[in-house]
Every structure is written in C-alpha cells, then in structure tokens.
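Novice: sequence first, predicted model second:
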Amino acid sequence: MKPDGMLVEPKFLARAWRHIARRGGHNALADAGTQEPALAAYLRESLAAAVGKLALTGAPTPVVQGIHEELLTVALTCVQALRQGHYALWKDTLTGTPLARLAEEFEGPPRKGRGQSRRNKRPDVGPEEDGLVPPD
C-alpha cells in the first residue's frame, strides 16, 4: 500500500530515467525548459555553481563533468517523475479545463493504420504525451 500523498511511483521514475538517458541530460534539460523555463534555468545555474565548487577543489575535469551529468540526470528524473505523478492524480478531472485542451494537443491526430492510440490501450500512462517522455 502506498502512503497518502505519494505521487511518484517506481514506474514513473524508471520511465523518466530511460527518457533522460536516451536524450542526454542537456537535451532533456532543453526539453524541460520549453515547459518550465524558470525551473530549467534554476537547475542549470545551481548545478553549474555546485560543480564549479567541485572544480575549485582540484577535482579532475572528467570527474567534474561526470558529476554534473549525474546530478542533472537525477534532478530531471525527479522532476519528470513528479510531472507524471501529478498527471496520473489529476487525469480524470480534466474535462472542460485548460489542461484538458492541452492534453488534446499532446495526443495529436490519430495515426493511420494503427487502430487505437497507445493512450487508449494503456489509460494509466502518465504524461508521455507532454513530449518529455516518449512512450516505450
């Protein structure tokens, strides 16, 4: 049983991590910046400051770069998993709201020759439709 208020399920973390790993941290950060520019800028600047301090300690450049990529992956995975959790929580309350219209944009036109959309086959799937996490 999951605790009250739990939004992030393990499947959301796994899906988000796979997407970030495929896209690469910097490309995923750019993608996130289209949806959440203030959050993306905060992540970019905060991570640069943190690894800058690490570099000042004399850590080798490859280590500093690796730590930056790892921290970026962790942060973006958490943000994306939270987005998926929020979507899963609120998806059934979308009717007639601006979020419902936005969800329709994410779905796009039906694909030819494919029958039902992936969304109809797996109604518990999160915001893969938001362009940040493609379907598996």
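Specialist: Nice, thanks for sending it over.

Novice: what about stretch 48-64, start to end distance?
Specialist: Between the opening and closing residues of stretch 48-64 we find a distance of 10 Å, counting by Cα to Cα, to the nearest Å.

Novice: contact partners of it?
Specialist: Applying Cβ atoms under 8 Å, 6 or more residues apart in numbering, the contact partners of stretch 48-64 are 65, 67, 68, 71. Backbone N, C-alpha and C define where each C-beta goes, glycine included.

Novice: what comes up buried for the strand or helix carrying residue 49?
Specialist: Counting by DSSP states H and E, the element that carries residue 49 is helix 37-56. When neighbours are counted by 16 or more other Cβ atoms under 10 Å, the buried residues of helix 37-56 are found to be 40, 43, 44, 47, 51, 55.

Novice: cool, stretch 27-35 as well?
Specialist: Under the neighbour-count rule (16+ other Cβ under 10 Å), stretch 27-35 has 28, 29, 31, 32 buried.

Novice: tell me which two of those sit farthest apart.
Specialist: Maximum pairwise distance in those, criterion Cβ to Cβ, is 7.2 Å, between 29 and 31.

Novice: reformat the buried residues of stretch 27-35 as TSV; add pLDDT, secondary structure and distance to residue 90.
Specialist: What follows is the buried residues of stretch 27-35, written out as TSV (pLDDT from 0 to 100; DSSP: H, G, I helix; E, B strand; the rest coil; distance: Cβ to Cβ, whole Å):
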residue	pLDDT	secondary structure	distance to residue 90
28	92	helix	23
29	92	helix	25
31	90	helix	21
32	89	helix	19
